[in-house]
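Asker: Next one to model:
(4 chains)
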2 protein chains.
Amino acid sequence: MSRRSGILEFAVLGLLRESPMHGYELRKRLNTSLGVFRAFSYGSLYPCLKTLVQRGWLVEETSGQPEAESGTAQPAPLGGRRARIVYRLTAEGKEHFEDLLSQTGPDAWEDEHFGIRFAFFGQTSRDVRMRVLEGRRSRLEERLARMRASLARTRERLDDYTLELQRHGMESVEREVRWLSELIESERSGGRRSRPTEHESADPAHGAPGPSEDTDK
Amino acid sequence: MSRRSGILEFAVLGLLRESPMHGYELRKRLNTSLGVFRAFSYGSLYPCLKTLVQRGWLVEETSGQPEAESGTAQPAPLGGRRARIVYRLTAEGKEHFEDLLSQTGPDAWEDEHFGIRFAFFGQTSRDVRMRVLEGRRSRLEERLARMRASLARTRERLDDYTLELQRHGMESVEREVRWLSELIESERSGGRRSRPTEHESADPAHGAPGPSEDTDK
DNA sequence: GTTAGCATGTAAGGAGTTACATGATTTT
DNA sequence: AAAATCATGTAACTCCTTACATGCTAAC
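Answerer: Got it, this is the predicted structure:
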């Protein structure tokens, strides 16, 4: 029970790996650095932090003030700002996160997970990065094939708007495939390339967040 | 209570408006015509159908065979294929769906709803279409502005991959904005992508899409 | 004669949201 | 002194999925 996949959990561990933080700050980071995609609410964040503590991946540190010289450790931070609970990644937590980072199962390139995986590519080994990028690409290519097939079958019967929606959807996926191909190429040839900086012109652009999910099971 | 948003419900009513269908077929249509986005499972579809029947928006028709001349109506369709339950939209259901179609609240242009709304644009009046398209566009423009602001603030501190992710995300949104602009232009000038025809007096008097929620509060 | 696809469901649960509740601190 | 924003949490609920359970019919 409790497979706890949760992209929130992953993101929290990843952010705390960089530095300890309290909930409120964490939430803001989730919605800027990573949160291009999703905005998480406190209603999910705080409970998540609790369970991570229970599993020993995080520890709470009730810090009244940064430089509290007073002997009394946790209970009464009377004097500083409201007792903020700072969460710090434990050694086990770090280990666990690295396990997660190294996983290359199909989950890693599903719509919901791919973004967050990519966001932590800086912490990910090259071969894992490659597998994830390639996995995602072939995922999207499959999807594209299905879309084309289905479109070919039903084209006549669809009205203009439905057609336009399909067309736009496919274009978005095609774009993302091209983007992935560029990234893969760039990884293959040694990485860290300074991208062809903005010329504001015909840059071979990239994909859209094609609304999610697959057709069939 | 019971805000009953549910994009599934909307999609089911919309598809059944075209013609009656049984669950299995419905599910397939959801995953081809509309389902570029999402694949719904039977586990949500069948219960949804049930509740729609309870509300009087659908009626079940247990049809053993198309031309069952036999007097016994429902109970025993022994002879045809397995008793498929065909769902038909009632007058009330139709009315309800048209109510939904005419709604132009912020929900209509949220990520999850916009796709399905667009898919039924063929059934939607022009002014509603315009409001939804413009609402969506200004939604995305807000988002873009926030992304740019946040990027400007944090650019230095982000690693290459995070940066690339942000860049790609923004580009996708920009693309969708352009797409919407084209559609809006095309709607304004009389529709069906033929010719540019007359534009009416440039009055942007649309029910202004207010600054709506996303990241922070 | 067995696999593949048609067809309908239910129970449990996952992953998150909203609304509520509370209070401190900073800015206006 | 009011408003914004910082900060933490809980309970109820939503919407959907997975896994299970069942059985028929068509094709190989």
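
Asker: Spell out the residue ranges of the helices in chain A.
Answerer: Along chain A, counting by DSSP state H, helices occupy A:7-18, A:23-32, A:42-54, A:91-102, A:111-119, A:126-154, A:160-188.

Asker: Mean pLDDT, mean neighbour count and distance to DNA strand C added to the ones you listed, as TSV?
Answerer: Where C-beta positions appear, they are placed from N, C-alpha and C, glycine not excepted. Below are those laid out as TSV (pLDDT from 0 to 100; neighbours: other CB atoms under 10 Å in any protein chain shown; distance: least, CB to the nearest atom of the strand, whole Å):
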stretch	mean pLDDT	mean neighbour count	distance to DNA strand C
helix A:7-18	94	21	4
helix A:23-32	90	18	9
helix A:42-54	95	15	2
helix A:91-102	96	15	13
helix A:111-119	92	21	7
helix A:126-154	91	16	13
helix A:160-188	95	18	21
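
Asker: need those helices in a markdown table with distance to DNA strand D, can you?
Answerer: As requested, those are arranged in a markdown table below (distance: least, CB to the nearest atom of the strand, whole Å):
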| stretch | distance to DNA strand D |
| --- | --- |
| helix A:7-18 | 12 |
| helix A:23-32 | 3 |
| helix A:42-54 | 4 |
| helix A:91-102 | 17 |
| helix A:111-119 | 11 |
| helix A:126-154 | 14 |
| helix A:160-188 | 17 |
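
Asker: Let me have those in CSV, adding distance to residue B:188 as columns.
Answerer: Converted to CSV, the helices of chain A look like this (distance: least, CB to CB, whole Å):
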stretch, distance to residue B:188
helix A:7-18, 40
helix A:23-32, 35
helix A:42-54, 41
helix A:91-102, 49
helix A:111-119, 33
helix A:126-154, 28
helix A:160-188, 16
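
Asker: Same list (the ones you listed) but as JSON lines, adding distance to chain B.
Answerer: Putting the helices of chain A into JSON lines (distance: least, CB to the nearest CB, whole Å) gives the following:
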{"stretch": "helix A:7-18", "distance to chain B": "10"}
{"stretch": "helix A:23-32", "distance to chain B": "4"}
{"stretch": "helix A:42-54", "distance to chain B": "10"}
{"stretch": "helix A:91-102", "distance to chain B": "13"}
{"stretch": "helix A:111-119", "distance to chain B": "5"}
{"stretch": "helix A:126-154", "distance to chain B": "5"}
{"stretch": "helix A:160-188", "distance to chain B": "4"}
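
Asker: These: which one's closest to residue B:47?
Answerer: helix A:111-119 (23.3 Å; CB to CB).

Asker: got the angle between that closest one and helix A:7-18?
Answerer: 10 degrees (axes from the mean of the first three to the mean of the last three CA atoms, to 10 degrees).

Asker: In terms of secondary structure, what does helix A:111-119 contact?
Answerer: helix A:7-18, helix A:126-154, helix B:160-188 (3 or more CB pairs under 8 Å, 6 or more residues apart in numbering or on different chains; DSSP states H and E).

Asker: now that helix, how far from the chain's geometric center?
Answerer: Here helix A:111-119 is found 4 Å from its chain centre; the criterion is CA atoms, centre = their mean, to the nearest Å.

Asker: To residue B:18, which of the helices of chain A lies closest?
Answerer: Of the helices of chain A, nearest to residue B:18 by CB to CB is helix A:160-188, at 11.1 Å.

Asker: would CSV of the helices and strands packed on helix A:111-119 with distance to residue A:45 be doable?
Answerer: Shown next, in CSV, are those (distance: least, CB to CB, whole Å):
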stretch, distance to residue A:45
helix A:7-18, 7
helix A:126-154, 25
helix B:160-188, 20
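
Asker: between those helices, which gets nearest to residue A:47?
Answerer: Across those, closest to residue A:47 is helix A:7-18 (CB to CB), at 9.7 Å.

Asker: which residues are in contact with that closest one?
Answerer: With contact meaning CB atoms under 8 Å, 6 or more residues apart in numbering or on different chains, helix A:7-18 is reached by A:21, A:26, A:29-30, A:33-34, A:38, A:40, A:44-45, A:48-49, A:52, A:57-58, A:87-89, A:93-94, A:96-97, A:100, A:112-113, A:116, A:119-120, A:123.

Asker: Pop the domain breakdown of chain A in here.
Answerer: A:1-62+A:82-104, A:124-187 (the TED database).

Asker: among these, which is nearest residue B:131?
Answerer: domain A:124-187 (15.4 Å).

Asker: For the closest one, measure first residue to last.
Answerer: End-to-end distance for domain A:124-187: 12 Å, by CA to CA, to the nearest Å.

Asker: Then stretch A:114-124?
Answerer: 13 Å.

Asker: Check the offset of that stretch from the chain's centre.
Answerer: 6 Å.

Asker: and what of stretch A:26-38?
Answerer: Per CA atoms, centre = their mean, the displacement of stretch A:26-38 from the mean C-alpha position of its chain is 10 Å.

Asker: Pull out the C-alpha coordinates of that stretch and format them as CSV.
Answerer: Extracted in CSV, the C-alpha atoms of stretch A:26-38 (Å, rounded to 0.1, in the frame of the first residue of the first chain):
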residue,chain,number,x,y,z
LEU,A,26,8.9,25.7,-0.5
ARG,A,27,5.5,26.3,-1.9
LYS,A,28,6.7,29.5,-3.6
ARG,A,29,9.7,27.7,-5.1
LEU,A,30,7.3,25.0,-6.4
ASN,A,31,5.4,27.7,-8.2
THR,A,32,8.2,29.6,-9.7
SER,A,33,11.3,27.5,-10.4
LEU,A,34,9.4,24.4,-11.1
GLY,A,35,5.9,25.5,-11.0
VAL,A,36,5.6,26.6,-14.6
PHE,A,37,3.4,23.6,-14.7
ARG,A,38,1.5,23.3,-11.5
